[in-house]
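Undergrad: Whatever this is, show me its structure:
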Amino acid sequence: MTRIHFIAIGGAAMHNLALAVASKAGYQVTGSDDEIFDPALSHLREAGLLPDEMGWHPERITKDIDAIILGMHAREDNPELVRARELGIKIYSFPEYLYEQTKDKIRIVVGGSHGKTTTTSMILYVLNRLGIEADYMVGAQIEGFERMVRLSDTAKYAVFEGDEYLTSPLDLRSKFLWYHPHVAILTGIAWDHINVFPTFPEYVETFRKFVHSIEPNGSFIYFKGDENLRLLAEELKIKNLELKIIPYDAYDGDVAMQVFGRHNMQNLQAAMLACHCIGVAPDDFYREISTFTGASNRLEKICETERNVAYKDFAHSPSKLKATINAVRERYPEKKLIACMELHTFSSLMADFLPQYKDCMAEADVAYVYFNPKVIEHKRLTPITAEEVREAFGTKNVEVFTDSKAMMSAVSCQCSAFSHQGIALLMMSSGTFDGVDVKQFAKELLS
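TA: Below you'll find the predicted structure:
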């Protein structure tokens, strides 16, 4: 029996990896965390993996543990981590363990500042529909998949969403540098994670390292509309690394798709090329992807009536925000577009980064931006003001709120005022608007 202990088991990716490992024969999984919320709480409880009490318990770290998997949420001085290092137990980061379990497989890795989850989901959806077995890690729930992580002894392929954020408290490299793909996709480079990459050149550099980590004779698939990616592709050609370098643009074929927006047509084309690299015929890909409705929280339709429609999206960075709003505007040109977004991440709440949001919400009829000053305080960031945020976004349609209830009340008033025209409501956040159930909110409002 192989015993694996997860430090900070409650994270979205970590708890899914724990579930995947626990489902394999011959593995015993335990874990710890200082706080765990749903859906991780329910998932771990159902699987019998929920810690019996919250907190860190170094006395439970014993020599009979074969390996520790360390989550990013843990700090370097975590008591359980300190004990594990004292005992000489092997410590893996999340991406390191994924690589270790798939190092003999053909790996497809999707990176980029935006579109990673959707593109990865598209690849997995088509492979699943075609009966092609694959291990995977993806950042959202996909129709037809029980979990967000799968590891097996039988799959020939592994498909990973490649995140450029830090690996672990002990390893400050980008996660995707662990994966060494045979097929790599980069969807675009738009500055993000300013707390980790304080300058744009530093941010670009981690993507340069990623493309140089592609396995020999592998494939580099990149969006040709991104200047920085074009430059990286030219560098690869000059260095003659014997890689297949494959540019792409948006899909413009005749097959009708369920997903919409130019950014999703770009994601779709990237996914097709990745699947083609492992032998999937383009016609087969397009046939199967035509029924794909999207990944959870990525332009996910949460309510529709005869006159109104509402979507929620994970969009929070400038490039994601702009692409999502533009897609909904193009889809529903006749409706009143009310776009609400929450500044929630480190980068989005930093004064130096706010100018990146200029004109991002210009296509919305009504644009509401919310942030919670207490979150800024909790993250130990320099305070920002509503006026600073409004000026940074730079368009007259933007109104800024620091009270989520006040914003939801304003949304309600707008919906009432323009119900005769039809409403397209877009709720965008990597948080929760301070605990708002946006699905229920939209249903009550638009019905």
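
Undergrad: going forward, measure contacts and count neighbours with C-alpha atoms only.
TA: Fine.

Undergrad: does Val159 sit in a helix or strand, and which one?
TA: strand 157-161 (DSSP states H and E).

Undergrad: then that strand to CSV, C-alphas only?
TA: The C-alpha trace of strand 157-161 is given here as CSV (Å, rounded to 0.1, in the frame of the first residue of the first chain):
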residue,chain,number,x,y,z
TYR,A,157,-2.1,10.3,-23.5
ALA,A,158,-2.2,13.0,-20.8
VAL,A,159,-3.8,16.4,-21.3
PHE,A,160,-3.0,19.2,-18.9
GLU,A,161,-4.1,22.8,-18.4
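
Undergrad: Note down every partner strand of it and its orientation.
TA: strand 106-111 (parallel), strand 134-137 (parallel) (DSSP bridges).

Undergrad: Downstream of the longest one, the next helix or strand is which one?
TA: Next helix or strand after strand 106-111 toward the C-terminus (DSSP H and E): helix 116-129.

Undergrad: Measure how that following helix sits relative to strand 106-111, angle-wise.
TA: With axes from the mean of the first three to the mean of the last three CA atoms, to 10 degrees defining the directions, helix 116-129 sits at 150 degrees from strand 106-111.

Undergrad: which intervals of the chain have sub-threshold pLDDT?
TA: 240 (pLDDT under 70).

Undergrad: Please work out which residues outside the helix or strand just after the strand holding Val159 touch it.
TA: Following strand 157-161 in sequence order, the next helix or strand is strand 166-168 (DSSP H and E). Contact with strand 166-168 is made by Leu70, Gly71, Met72, Ser93, Phe94, Pro95, Leu172, Arg173, Ser174, Lys175, Val196, as judged by CA atoms under 8 Å, 6 or more residues apart in numbering.

Undergrad: burial measure for the first one, as a count.
TA: Other residues near Leu70 number 28, with proximity taken as other CA atoms under 10 Å.

Undergrad: And it, how far from Gly55?
TA: Leu70 sits 15 Å away from Gly55, going by CA to CA, to the nearest Å.

Undergrad: can you pull out the helices in the protein?
TA: 12-22, 40-46, 79-87, 94-102, 116-129, 200-211, 227-239, 262-277, 282-289, 318-331, 373-378, 386-393, 404-417, 438-446 (DSSP state H).

Undergrad: and Val309, which of the ones you listed is closest to it?
TA: Nearest of those to Val309, taken as CA to CA: helix 438-446 at 7.5 Å.

Undergrad: what's the strand holding Val159 in contact with?
TA: By CA under 8 Å, 6+ apart, strand 157-161 touches 102, 105-111, 116-117, 120, 123-124, 133-139.

Undergrad: the inter-axis angle of that strand versus helix 262-277?
TA: Using the same axes, to 10 degrees: strand 157-161 against helix 262-277 is 160 degrees.

Undergrad: Tell me which residues of strand 157-161 come out buried.
TA: Within strand 157-161, the residues that qualify as buried are Tyr157, Ala158, Val159, Phe160, Glu161, counting by 16 or more other CA atoms under 10 Å.

Undergrad: cool, and stretch 9-27?
TA: So, applying 16+ other CA under 10 Å, buried residues of stretch 9-27: 9-23.

Undergrad: between these, which is nearest Cys303?
TA: Nearest member of those to Cys303, counting by CA to CA, is Ala12, at 25.0 Å.

Undergrad: Please list all residues in contact with the closest one.
TA: Going by CA under 8 Å, 6+ apart, Ala12 touches Ala40, Gly139.

Undergrad: Contact partners for Lys358?
TA: Ala392, Phe393, Gly394, Thr395.

Undergrad: Excluding chain neighbours, what is closest to it?
TA: Phe393 (4.3 Å; CA to CA, 6 or more residues apart in numbering).

Undergrad: Next, count neighbours for that neighbour.
TA: 24.

Undergrad: Test my guess that it contacts Met361.
TA: Yes: with contact defined as CA atoms under 8 Å, Phe393 reaches Met361; the gap is 7.4 Å.
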